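Asker: coords please:
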Amino acid sequence: MAQNNFNIVSYIFPLFLLNPLLLSRANSPQSNAENSSPLSLLNNLVGTLKGHKAKGIYELKMHLSNLGYMKNHNKNSNNKAHPNDDFFDEDLELAIKKYQLYFHLKVNGALDTKTVENLLLPRCGVADIINLNESRINNMPNNIVSHYTFFPGEPKWPPTKRSLTYSFPIDTRKDIMHPISEATKEWANVTDFKFKYIKNYDQADIKISFQYRDHGDGAPFDGPLGILAHAFAPNDGRLHFDGDERWVDGVKAGELDLQTIGLHELGHILGLGHTSDPNAIMYPTTSSGVRRGLGQDDIDGIKELYHS
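Answerer: Coordinates of the predicted model:
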């Protein structure tokens, strides 16, 4: 489904490959080489640990910064990466420990096989909301209690706003609307919110669109897989899907179910952060070829946020 720049953060239906690139953008798709994710470099980092230097560590630092695990790691004033940016330092080790703790992995601060595999899973671009220092990590068991989270300050829609409208840009394919409609129904079933589609995109409370790479909100997409989508906390209402992904309405091997990812991102729109409960829709990562619904952790979280 990124917090560092955010106020953040069907079943009987024909299976269509939803390629929004055909409608929402006039130019042709980029080649596979141009579309490759910078995270692909992580495949070469298995076994890397503190004190090592390797190509791809800079990209890893940027990725973990975007996900909230370390302080923003920006290029220097010359807009070039510093020579030490590919150095595995203490800050990166701590960030990896936080990441491993969050995802119930062995906490060793090293890029072992399971950690790299997890880092490569498709996921939401909203940061995982955590606040763990090194002393707390070193004194905690190798797991944490699964629990929903909220955005900092717990932003939410006001009590007078329980009917939310949503819309898409005018050139969006019509078959994209069905899985999003189904996702809104799931949230409506467990909350007091009602969702209504309107044609006027500019007037909608929730603006849903397919975007590509750097699209001007400070959280660029990275091509196929990697970051799939992101959304802003209340009351912003923007929800962006990565247009470079292979979206489908349903379950198909190797493809991403738009309804599942939409359900997750709508959770952010309502005010939920990520959870470390892998059974919840608000878990940060996902897999292709699956459809998921709300879990008890999601329901408990939204009810607590809105005291319902």
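Asker: Just list whatever residues bridge to the closest residue to residue 200 other than its chain neighbours.
Answerer: The spatial neighbour of residue 200 that comes closest, neighbours along the chain excluded (C-beta to C-beta, 6 or more residues apart in numbering), is residue 167 at 6.4 Å. C-betas here are computed from N, CA, C, even on glycine. On DSSP bridges, the residues paired with residue 167 through beta bridges are residue 207.
Asker: Go ahead and confirm residue 167 touches residue 198.
Answerer: Yes. Distance between residue 167 and residue 198: 5.3 Å, which falls inside the contact criterion (C-beta atoms under 8 Å).
Asker: Just want to know which of those two has more residues nearby.
Answerer: The residue with more neighbours, out of residue 167 and residue 198, is residue 167; 22 against 12, by other C-beta atoms under 10 Å.
Asker: Which pLDDT value goes with the more buried one?
Answerer: The model reports residue 167 with a pLDDT of 98.
Asker: quick revisit: give me the common contacts of residue 167 and residue 198.
Answerer: Taking C-beta atoms under 8 Å, 6 or more residues apart in numbering as the criterion, residue 167 and residue 198 both touch residue 204.
Asker: Show me what the helix or strand where residue 58 lies is packed against.
Answerer: Residue 58 is part of helix 57-66, with elements assigned from DSSP states H and E. Contacts of helix 57-66 with other secondary structure elements, assessed using 3 or more C-beta pairs under 8 Å, 6 or more residues apart in numbering; DSSP states H and E, are made with helix 90-102.
Asker: between the helix it packs on and helix 57-66, how many degrees?
Answerer: 50 degrees (axes from the mean of the first three to the mean of the last three C-alpha atoms, to 10 degrees).
Asker: mind listing what's buried in helix 90-102?
Answerer: For helix 90-102, a neighbour-count test (16 or more other C-beta atoms under 10 Å) marks 91-102 as buried.
Asker: neighbours around residue 200, how many?
Answerer: The local packing count at residue 200 equals 9, with neighbours defined by other C-beta under 10 Å.
Asker: Quick check: it vs residue 165, distance?
Answerer: 8 Å (C-beta to C-beta, to the nearest Å).
Asker: least trustworthy helix or strand in the chain by mean pLDDT?
Answerer: The least trusted helix or strand in the chain, going by mean pLDDT, DSSP states H and E, turns out to be helix 21-24, with a mean of 33.
Asker: What segments of the stretch 51-200 of the chain are strands?
Answerer: When assigned using DSSP state E, counting those that start in this stretch, the strands of the stretch 51-200 of the chain occupy the ranges 123-124, 163-167, 194-197.
Asker: Just list the residues touching the residue nearest to residue 200, thanks.
Answerer: When contacts are counted by C-beta under 8 Å, 6+ apart, residue 167 is found next to 197-201, 203-204, 206-208.
Asker: can you check residue 51 too?
Answerer: Taking C-beta under 8 Å, 6+ apart as the contact definition, residue 51 lies against residue 88.
Asker: Can we start the residue count at 61 from this point?
Answerer: In the new count, where the first residue is 61, that last one comes out as residue 111.
Asker: From the rest of the structure, what touches stretch 239-259?
Answerer: By C-beta under 8 Å, 6+ apart, the list of residues contacting stretch 239-259 from outside reads 70, 217, 222-227, 230, 237, 264, 266, 268, 309, 317-319, 322-323, 326-327, 330, 353-354, 358-359, 362-363, 366, 368.
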